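Chemist: Turn this into a model:
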Amino acid sequence: MKKKVAVGMSGGVDSSVAAYLLKEQGYDVIGVTMQIWQDEDPHAMAENGGCCGLSAVDDARRVADMLDIPYYVLNFKQEFKTYVIDYFMDEYIHARTPNPCIACNRYVKWEALLNRAMEFGCDYIATGHYARVIRLENGRYTLKKSAAVHKDQTYALYNLTQEQLSRTLMPVGEYDKEEIRRIAQDIGLLVAKKPDSQEICFIPDHDYASYIEKESGKEFKKGNFVDINGRILGQHKGIIHYTIGQRKGLGLSLGSPAFVVDIRPDTNEVVIGTNEDTFHDKLVADRVNLMSIPQLQGEMRVTAKIRYSHQGAPCVIQMEGPDKVVCHFEEPVRAITPGQAVVFYDDDIVVGGATIQNILKEDFLK
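Modeler: Model prediction:
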């Protein structure tokens, strides 16, 4: 009997080819698009929404028709609002820089979709992510970097559970992007040359601060820019406009390049320093999710990525309490940012990850 899989279809080339590959491999495939766009206005939904707008639904439906697979649009608006939008706003309000894609992957694209797929009688869910699911000799499921290293998306997927991984297929992870587009072209998919979506889907104009102000109904007052010694340098627009390591858009004329090195919501201050001040060699992170190992005992040498675009840096990690991990880099790394994920790798295997809490001071372990 064929195994049944629900493919999350965004209307893009990657998820479309994922559905095709799985059908070719003998799976009973159904296509699913998650309707998460919050605006009810049809024009807004059509023009915006990235992977969740009306144009995405139209493209996904046409692909499903061509592949001759059943297709459904499922409503995940409430889950998306709770786990992605509300979380996103709350993090910025508390001077942290969130990663909405990681939250969406964990709680919407996997948890909510998997639960719904089970109702359809599916054995698996699948996506067009550039990553690979493997099972290790110790019985643990984990992620392996994509064959297309420059497209690898494991960083944004580190928070998946063992149950979710055991029911996940990622066929695109074995290919390069050019190969995926070639397959799409060879089988005549209309989305073969469709450009990749780049923006956060619910803020297509990238104006995070205006979005947060409008949706939260909160007023974010101006405050002081201060240097690392507390000297006032000028006035900022409100803390939600800034993130650690930021240089552009500060509006300061200090005679030398200025960078955000800290944000203090309690005093409504944004701390300014030099580029050198943005480098640190220790961090502490919480909300730990381990993949390749059941628990971290003692020290472990890994490579850690502190943001999606980070190349990764050698470090030693060690648990500090039941749900905190300390990461000590061999060399200082730039712009460790609270709220972002730190993801640990053993070569091309994901060990696990956590949410950066703060820069670790020398006296933290004393």
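
Chemist: show me where pLDDT drops low in the stretch 51-200 of the chain?
Modeler: Within the stretch 51-200 of the chain, the stretches with pLDDT under 70 are 51-54, 198-199.

Chemist: just the helices in it please.
Modeler: Assigned by DSSP state H, counting those that start in this stretch, the stretch 51-200 of the chain shows helices spanning 54-67, 77-80, 86-93, 100-104, 113-119, 162-166, 177-186.

Chemist: Can you tell me the element Lys23 falls in?
Modeler: Element membership for Lys23 (DSSP states H and E) is helix 13-24.

Chemist: That helix: what's the following helix or strand?
Modeler: strand 28-35.

Chemist: orientation of the host helix or strand of Gln357 relative to helix 86-93 in degrees?
Modeler: Assigned by DSSP H and E, Gln357 belongs to strand 349-359. Between strand 349-359 and helix 86-93, the angle comes out at 40 degrees (axes from the mean of the first three to the mean of the last three Cα atoms, to 10 degrees).

Chemist: residues in contact with Ile359?
Modeler: By Cβ atoms under 8 Å, 6 or more residues apart in numbering, the contact set of Ile359 is 280, 282-283, 336. The way it works is simple: take the backbone N, C-alpha and C, and place the C-beta from them, glycine included.

Chemist: Name whatever forms a beta bridge with it.
Modeler: Under the criterion DSSP bridges, Ile359 forms beta bridges with Leu283.

Chemist: That one and Val226: what is the separation?
Modeler: Ile359 sits at a distance of 17 Å from Val226 (criterion: Cβ to Cβ, to the nearest Å).

Chemist: now do Ile263
Modeler: 11 Å.

Chemist: got the phi/psi numbers for Thr303?
Modeler: In terms of degrees, to the nearest 10, the main-chain angles of Thr303 are phi -110, psi 130.

Chemist: is it true that it touches Tyr345?
Modeler: Yes - counting by Cβ atoms under 8 Å, Thr303 does reach Tyr345; the two are 4.6 Å apart.

Chemist: what touches both of these two?
Modeler: Jointly contacting Thr303 and Tyr345 under the rule Cβ under 8 Å, 6+ apart are Gly312.

Chemist: Tell me which of these two has more neighbours.
Modeler: Here Thr303 and Tyr345 are compared on neighbour count by other Cβ atoms under 10 Å; more neighbours surround Tyr345, at 22 against 16.

Chemist: so for the helix or strand containing that one, what's the average pLDDT?
Modeler: Tyr345 belongs to strand 341-346 when assigned by DSSP H and E. Here strand 341-346 scores 98 as its mean pLDDT.

Chemist: roughly how far is it from the heart of the chain?
Modeler: Averaged C-alpha coordinates place strand 341-346 at 13 Å from its chain's average position (Cα atoms, centre = their mean, to the nearest Å).

Chemist: And stretch 177-194, by the same measure?
Modeler: 25 Å.

Chemist: Same check on stretch 213-223?
Modeler: 25 Å.

Chemist: again with stretch 102-121
Modeler: Relative to its chain's centre, stretch 102-121 lies at 15 Å (Cα atoms, centre = their mean).

Chemist: tell me which residues in stretch 113-121 are buried?
Modeler: Using 16 or more other Cβ atoms under 10 Å as the test for burial, stretch 113-121 gives 113-114, 116-117.

Chemist: So Leu233 sits against Leu254, correct?
Modeler: Yes - in this structure Leu233 lies within contact range of Leu254 using Cβ under 8 Å: 6.8 Å.

Chemist: overlap in contacts of those two?
Modeler: In contact with both Leu233 and Leu254: Ile272, using Cβ under 8 Å, 6+ apart.

Chemist: Mind checking which of these two has more residues around it?
Modeler: It is Leu233, of Leu233 and Leu254, that has more neighbours when counted by other Cβ under 10 Å, with 17 against 13.

Chemist: Can you classify that one as helix, strand or coil?
Modeler: strand (DSSP: H, G, I helix; E, B strand; the rest coil).

Chemist: From Lys282, how far off is it?
Modeler: 27 Å.

Chemist: Cool, thanks, talk later.
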